[in-house]
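Asks: Next input, structure requested:
(2 chains)
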Amino acid sequence: MTSQTDPPEPATQKAETGSNWTAAIRRAVEHRLPWDNLLPDRQPFFVGSWVYVFGVVAITSLVWVIGSGVVLAFFGPSWWHVSGIGRFVNSIHFWSVQLLFVFAVLHLWGQYFMASWRDGRATTWVVGVVIFLAALVTGFTGYIAQQNLDAQWIAVNAKDAINATGAGAFFNPLDFGQIYGIHVMLLPIGVTVLVVLHVLQVRMRGVVKPIEPDAPKPGDAATPSSAT
Amino acid sequence: MSGPAGSQAAYYRGIPTVRYDLVKEFVVAMVVSGIVIVLLAGALSSPDVPPLTIQAWAQAAPVDFVTTATAELAGTSDSALYGPPYTDGSDSVQSIGIFDPQQWLGNSIHLDPPQDFVLGPLTYASVGNAALTSALSQYDAADGTSQQAWLSAYTDGLGTATAQDGQITVAAGDYGPVPVLMTSLLAEANSGGLDGLLLTNGQFFATDYTKPLLFMGDGQYLTDLAAAQHLTGDQWGVMNETGQYPGQTWLWAFSMLYQLPPYNSDPNADLLVVLTMAVLTALLVLVPFIPILRDIPRWVPVHRLIWRDYYRWRRSRSSPGSD
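Replies: Residues are numbered from 1 along each chain as shown, chains lettered A, B, ... in the order given. As a prediction, the model looks like this:
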C-alpha cells in the first residue's frame, strides 16, 4: 500500500529512528555482529592450530550434556536407577560431563597461554571463566541429585563448607527438591545463555592474534588494538 | 571497510587467511564427541551404588544406629550441637575474627533432634503399643537430670553392646525407659517405617532429605561405607566417585587445600578453604587486569608451540630474500 504522504527525508528518518529503542538495538546488533563476523568462511591461517578445537568440543559436549539431561529430566530422577535405557542415558550424561570438563580445562589453559584477553577481549575472558564456575556448580548439584550413595555422602559433607559461608540458610544440599530444580533448570539456562554470549563475543572481535615479541604486553586487555 | 567486519579485516591485515567452515567443524565435533561419549557410556556405564537407607543402616549396624539415636535424644549428636542453619548450638560454627556469616544468617531450619529423630517417630509407633506409650510417658515425666543420667548410662552400656538378629543386648543398668524407647526405634527402623517418618513434613509431597541425611551423617556406618568407596576427606573424596569412576576431578584445588596446613588442622577449615578459593577464583577472573599474572603467557613459550606455524611464517617473511 502506498502512503499518500511523501517519504521522510533521510535526516528526518535518522532522527525518528534515533529515539526508537527497537531501531537502536537493530543498528547496534548490525554494527557489532554483521553476518561476516557471525559466520565467516575465512579465518586467519593460524586458526588451524588444534588449540582452537578445545572450545568447540567443550560446546559440543555441553550439547550432549543438555540433550541427555533433558531425557533424564523428562522421565524423572528415579527412572535411570531402574531402567536399562535410563542407565545408558545417564551414562551418556555422565561421560559427556567428563568430556566437557576435560575440554573446558584445556580450553581455559590454552586461552591463558595465548593471553586471549588482549586487544579488547578482557570481557570475553571474564565471561569464559564465569561459565567455568557456573559449570562447576552445575556439576556439583548434579552429583548431589544422583540419588545414590555418592550423592548422600557429597551432600552430607558439602553442607559444612556451604554452611560455614552462611549460604546454608538458603541453599541446602540436603534438600533434594531444591538441588534438583536448580540443577535441571536454573543452572543449565544460565550456562547456556553465558555460552551463547561467550561465542558471540568471540565472533564479534574474532580470535586474538598471536603474541608478538615486540607488541604491547598481554596485559593490555582493556585497550583495543590500534588496528581495530 | 568500516564497522566490526572492517575492524576484523584491519586487525588481521597482512596475515593470510584460509577458507574455514565453522559450521562443518561444529557438526564434525558433535559427531566425533558423540561417538566417544556413546562408546564410553556403552563400555563403562556409570556409577550407581544404591543409597543407604535408615532401614539398611539399622539392620547392618544396629549398635551404631542405637548409639546415634541415643545421642540424638540426649542432644549430644553432631547435628544437635551443630549450630546454624540447623540448631542454636555452636559446635560447627566457623568464623574468622568478626567475620561470622554462619551466625549472621542464623538458624533457618530449626532442627530439634530429640523430637525429630526419636520422640516424634516413637509417638507414631506408640499407637496400640502399651509398653512404648508407658516408656514415653515415663521419659516425658522425668526431669532433665534423670533423662541425662539414663542416657549417659545407656551410652556407656552401648560401648559393650552386642547385636544378633537385628536386636542389641546391653549390659544391665539403670537406664529408666531408654531401652524400651531405643529397641522400639530400632524395630521401627528395621521395618523401614523410620525412613518414611523422617521425611514427613505435614504435607503430602516430600523432597527434603535434611533429617534422614543428618541422622545418618551423625552415625559411623555411612562414614564407613564412604571410606570403603574412598570418598572421605582425607582420601581427597570430594573429587572421587564410587567404584573406579572419575568424580569431580575439577575440584582438585578445593580438595588439595584440605590436605595442607593450616587448613588440615584449623577448626575453621571450611570457611578458610572457601575464602581461599574465592580469592583464587577472583584472581582467575581478573587475570587480564593483574600484572605478572597477565604477563606469564609472554614469558612461558607455550604460545610458540600453539602458533608455531605462524611464527615460522613470520620468520620466513623477515628472512633475507623473502618477499
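Asks: was I right about B:Tyr154 contacting B:Leu181?
Replies: No - at 9.4 Å, B:Tyr154 does not count as touching B:Leu181 under the criterion of Cβ atoms under 8 Å. The C-beta positions use only the backbone N, C-alpha and C, and glycine is treated the same way.
Asks: Who has more neighbours out of the two?
Replies: Per other Cβ atoms under 10 Å in any protein chain shown, whichever of B:Tyr154 and B:Leu181 has more neighbours is B:Leu181, with 27 against 24.
Asks: what does the average pLDDT come to for the helix or strand hosting the more buried one?
Replies: Assigned by DSSP states H and E, B:Leu181 belongs to helix B:178-191. Helix B:178-191 carries an average pLDDT of 97.
Asks: now swap in stretch B:21-31 and tell me
Replies: Stretch B:21-31 carries an average pLDDT of 96.
Asks: Report the contact partners of residue 40.
Replies: No chain in the question, so chain A it is. A:203, A:206, B:20, B:22 (Cβ atoms under 8 Å, 6 or more residues apart in numbering or on different chains).
Asks: To clarify, I was referring to chain B.
Replies: A:91, A:95, A:98.
Asks: What is the neighbour count of the second one?
Replies: In other words, A:Trp95. 28.
Asks: just to confirm, which helix or strand has it in it?
Replies: Per DSSP H and E: helix A:84-113 holds A:Trp95.
Asks: and that helix with chain B, contact?
Replies: Yes - Helix A:84-113 reaches chain B (Cβ under 8 Å from any Cβ of the partner chain) through A:87-88, A:90-96, A:98-99, A:101, A:105, A:110, A:112-113.
Asks: And for stretch A:130-137?
Replies: Yes - with Cβ under 8 Å from any Cβ as the criterion, chain B is reached by stretch A:130-137 at A:130, A:133, A:136.
Asks: Tell me which stretches of the stretch 51-200 of chain B form helices.
Replies: B:54-60, B:62-74, B:78-81, B:101-105, B:113, B:120-125, B:130-141, B:144-158, B:178-191, B:193-197 (DSSP state H, counting those that start in this stretch).
Asks: quick one, which of those is nearest to B:Pro246?
Replies: Nearest to B:Pro246 among those is helix B:54-60 (26.6 Å), distances taken as Cβ to Cβ.
Asks: List the buried residues in the closest one.
Replies: Buried residues in helix B:54-60, counted by 16 or more other Cβ atoms under 10 Å in any protein chain shown: B:54-59.
Asks: Can you name the residues in contact with it?
Replies: Counting by Cβ under 8 Å, 6+ apart, B:64-65, B:166, B:186, B:189-192, B:194-195, B:198, B:212, B:215-216, B:219, B:221-222 sit against helix B:54-60.
Asks: again, 10 Å this time
Replies: B:50, B:52-53, B:64-66, B:68-69, B:117, B:121, B:163, B:166, B:185-198, B:211-212, B:215-216, B:219-222, B:224-225 (Cβ atoms under 10 Å, 6 or more residues apart in numbering or on different chains).
Asks: what separates B:Thr123 from chain A, distance-wise?
Replies: According to Cβ to the nearest Cβ, to the nearest Å, B:Thr123 stands 24 Å off from chain A.
Asks: Not counting its neighbours along the chain, what's nearest that residue?
Replies: B:Leu136 (6.7 Å; Cβ to Cβ, 6 or more residues apart in numbering or on different chains).
Asks: B:Pro62 too?
Replies: Counting by Cβ to Cβ, 6+ apart, the residue nearest B:Pro62 is B:Ala163, at 4.6 Å.
Asks: Might one say that that neighbour is in contact with B:Asp64?
Replies: Yes - counting by Cβ atoms under 10 Å, B:Ala163 touches B:Asp64, with 9.3 Å between them.
Asks: A:Leu62 versus the most centrally placed residue in chain A, what's the distance?
Replies: The structure's chain A has its C-alpha centroid closest to A:Val195; by Cα atoms, centre = their mean the separation is 1.9 Å. In this structure, A:Val195 and A:Leu62 are 7 Å apart, going by Cβ to Cβ, to the nearest Å.
Asks: so what sits against both of these two?
Replies: Counting by Cβ under 10 Å, 6+ apart, the contacts common to A:Val195 and A:Leu62 are A:131, A:135.
Asks: okay, B:Gly243: pLDDT?
Replies: For B:Gly243, the model assigns a pLDDT of 89.
Asks: er, B:Thr87 I mean
Replies: Confidence score, pLDDT, at B:Thr87: 97.
Asks: State the distance from it to chain A.
Replies: 11 Å.
Asks: if I pick that residue, what's in contact with it?
Replies: The contact partners of B:Thr87, taken as Cβ under 10 Å, 6+ apart, are B:75, B:77, B:79-81, B:107, B:109-113, B:214.
Asks: of the residues you listed, closest to B:Val32?
Replies: B:Leu214 (45.2 Å).
Asks: What ranges does chain A have for its strands?
Replies: Along chain A, counting by DSSP state E, strands occupy A:42-44.
Asks: And the contacts of B:Thr87, which is closest to A:Ile25?
Replies: The closest of those to A:Ile25 turns out to be B:Ile109 (Cβ to Cβ; 45.4 Å).
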